[in-house]
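Undergrad: with the input below, show me the fold.
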Amino acid sequence: MMGKLWGWLFIVLLGGLIYLWQPDFFQQAYRIIEHGDIAALSQYLRSFGIIWSVVVTLLLFVVMTFTIVFPFVILSGAAGIVFGLFWGVVISWSGEVLGALAMFAFARYFFRSLVAGWVCKSPYLKQVDDYSAANGFKALLIARLLPLAPSGIITAVAAISRISFRDFILATVLGKLPPVVIKVLVGHDIAFAGENMTRLVIVLGLVAAVYIVMWWYKRSKKRKIEQTD
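TA: Residues are numbered from 1 along each chain as shown. This is a model prediction of the structure:
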């Protein structure tokens, strides 16, 4: 108990010191991201220079993972503009993975023991917890592959489950790459819609097709179950 209390104090102190170190940076970045202005964010990132813009972008991905409310497509699109599509994907992918690992470690350390108490009292939660331990990799990989899935929430749920750290890392590294490619392309092409409208429509059409197929599959599966009953 005391160890976790000291852990909370350390995190709060570290977060406060980082904010006090550069309050203008966080306030400016927040205002731009809040308005969803991909072009303005890309200009802001460029102002830090080549090396520091990479560091700042990675830091923003980690912060946005914890805030949950902002869609990554804004930052991913800006990364695609600043670093080019290839390196934008690499940096965005790295940032999302780093953010997921940081959030997983935080949530598992501080909240897993609390959830474990609830699990012991509920047969249903125990069944779900056992499933996560045995099938966590597959379930997390599928969740990661969905382009519009809330990454921070998925990470938090995984952290309080019994999925192993190895399975979490592997599913996150593999599963995040395709959605990151989509988000970089969509964010980049939204900022330059006049030049890339065809590609933007194609990518958005593919994303819509994925969700339509999922909806159709779930509906078909539900009908089969109803017919069997």
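
Undergrad: any idea of the pLDDT on residue 61?
TA: Predicted confidence (pLDDT) for residue 61: 92.

Undergrad: is it true that it touches residue 98?
TA: Yes. Between residue 61 and residue 98 there is a contact under Cβ atoms under 8 Å: 6.6 Å. The C-beta positions use only the backbone N, C-alpha and C, and glycine is treated the same way.

Undergrad: neighbour-wise, which of those two wins?
TA: Higher neighbour count among residue 61 and residue 98: residue 61, with 25 against 15, using other Cβ atoms under 10 Å.

Undergrad: what's in contact with stretch 174-184?
TA: The contact list for stretch 174-184 (Cβ atoms under 8 Å, 6 or more residues apart in numbering) reads 72-73, 76-77, 79-80, 85, 88-89, 92-93, 96-97, 100, 140-147, 149, 151, 203, 206-207.

Undergrad: which of these are buried?
TA: Buried members of these, counted by 16 or more other Cβ atoms under 10 Å: 72-73, 76-77, 79-80, 88-89, 92-93, 96-97, 100, 140-141, 143-147, 151, 203, 207.

Undergrad: can you give me the helices in the protein?
TA: 2-21, 23-34, 38-46, 50-67, 72-121, 123-145, 151-160, 165-191, 193-228 (DSSP state H).

Undergrad: helices and strands around the third one, which ones?
TA: What that stands for is helix 38-46. helix 23-34, helix 50-67, helix 72-121, helix 165-191 (3 or more Cβ pairs under 8 Å, 6 or more residues apart in numbering; DSSP states H and E).

Undergrad: what's the model's confidence in the longest one, averaged?
TA: Predicted confidence along helix 72-121 averages 86 (mean pLDDT).

Undergrad: next: stretch 213-223.
TA: Mean predicted confidence for stretch 213-223 is 78.

Undergrad: what about residue 137, distance to residue 80?
TA: 29 Å (Cβ to Cβ, to the nearest Å).

Undergrad: do the same with residue 113
TA: 40 Å.

Undergrad: and residue 101, how many neighbours?
TA: Neighbours around residue 101, by other Cβ under 10 Å: 18.

Undergrad: who are the neighbours in contact with the most centrally placed residue in the chain?
TA: Central residue of the chain (Cα atoms, centre = their mean): residue 151, 3.1 Å from the mean position. By Cβ under 8 Å, 6+ apart, the residues touching residue 151 are 65, 72, 96, 99-100, 144, 176.

Undergrad: and the pLDDT at it?
TA: 83.

Undergrad: please apply the same query to residue 164.
TA: The model's pLDDT for residue 164 equals 89.

Undergrad: kindly report the same for residue 181.
TA: Value for residue 181, per-residue pLDDT: 93.

Undergrad: against residue 188, how distant is it?
TA: For residue 181, the distance to residue 188 - Cβ to Cβ - is 11 Å.

Undergrad: so which of those two has more stuff around it?
TA: A count of neighbours by other Cβ under 10 Å puts residue 188 above the other of residue 181 and residue 188, at 25 against 19.

Undergrad: my read is that the more buried one contacts residue 92, right?
TA: No. Checked against Cβ under 8 Å, the pair residue 188 and residue 92 is beyond contact range at 10.5 Å.

Undergrad: overlap in contacts, those two.
TA: Joint contacts of residue 188 and residue 92 (Cβ under 8 Å, 6+ apart) are residue 80.

Undergrad: just curious, which of the contacts of residue 151 is nearest to residue 219?
TA: Here the nearest of those to residue 219, counting by Cβ to Cβ, is residue 144; it sits at 23.4 Å.

Undergrad: dump the residue contacts of that closest one.
TA: 151, 154, 171-172, 174-176, 179.
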